[in-house]
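Enquirer: Mind looking at a prediction? Sequence and model below.
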Amino acid sequence: MDDAYVVGEPDGLSPLLVAIRDAVARELHAQFALRADRLELADLPEVAYQVTLRVDEVLSGRRPPRVS
């Protein structure tokens, strides 16, 4: 049994994986909003790049700069 289940994580993910999952979900939500809830095939490289940046921020502990 995974330790995550023993300590009460219902999805079985470590805190790092939860942070990555949440960062990916936030970025995908933002990308869909920017593109009127529709992703074209041509958009996928840019979306993947933005998701990669969010994952890098989680892994390196950096926060993205705030846009005013």
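Expert: Received the coordinates, thanks. Just so we're clear, the structure is a prediction, and the values are computed from it rather than from any experiment. Numbers count the residues shown, from 1 in each chain.

Enquirer: in the helix or strand hosting Leu59, what counts as buried?
Expert: Counting by DSSP states H and E, the secondary-structure element that holds Leu59 is helix 44-60. Applying a neighbour-count criterion of 16 or more other Cβ atoms under 10 Å, one finds 47, 51, 54-55, 58 buried in helix 44-60. From N, CA and C alone the C-beta is placed, and that goes for glycine too.

Enquirer: what's it packed up against?
Expert: When contacts are defined as 3 or more Cβ pairs under 8 Å, 6 or more residues apart in numbering; DSSP states H and E, helix 44-60 packs onto helix 15-34.

Enquirer: Flag every buried residue along the helix it packs on.
Expert: For helix 15-34, the buried set under the neighbour-count rule, 16+ other Cβ under 10 Å, comprises 19-20, 23, 27, 31.

Enquirer: ok so, going back, residues in contact with the helix holding Leu59: which ones?
Expert: Contact with helix 44-60 is made by 16, 19-20, 23-24, 26-28, 30-31, 39, 62-64, as judged by Cβ atoms under 8 Å, 6 or more residues apart in numbering.

Enquirer: picking up where we left off before, can you redo the buried residues of helix 44-60 as CSV with pLDDT and distance to Gly12?
Expert: Listed next are the buried residues of helix 44-60 as CSV, based on pLDDT from 0 to 100; distance: Cβ to Cβ, whole Å:
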residue, pLDDT, distance to Gly12
Val47, 94, 27
Val51, 96, 22
Arg54, 95, 22
Val55, 95, 19
Val58, 94, 18
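
Enquirer: would TSV of those residues with distance to Arg35 be doable?
Expert: Written out in TSV, the entries for the buried residues of helix 44-60 read as follows (distance: Cβ to Cβ, whole Å):
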residue	distance to Arg35
Val47	8
Val51	14
Arg54	16
Val55	20
Val58	23
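
Enquirer: need the contact list for the residue nearest the centre of the chain.
Expert: To find the centre residue of the chain, average its C-alpha atoms and take the closest one (Cα atoms, centre = their mean): that gives Val24, at 1.5 Å. With contacts defined as Cβ under 8 Å, 6+ apart, the neighbours of Val24 are 51, 54-55.

Enquirer: nearest to Asp43, of the residues you listed?
Expert: The closest of those to Asp43 turns out to be Val51 (Cβ to Cβ; 11.9 Å).
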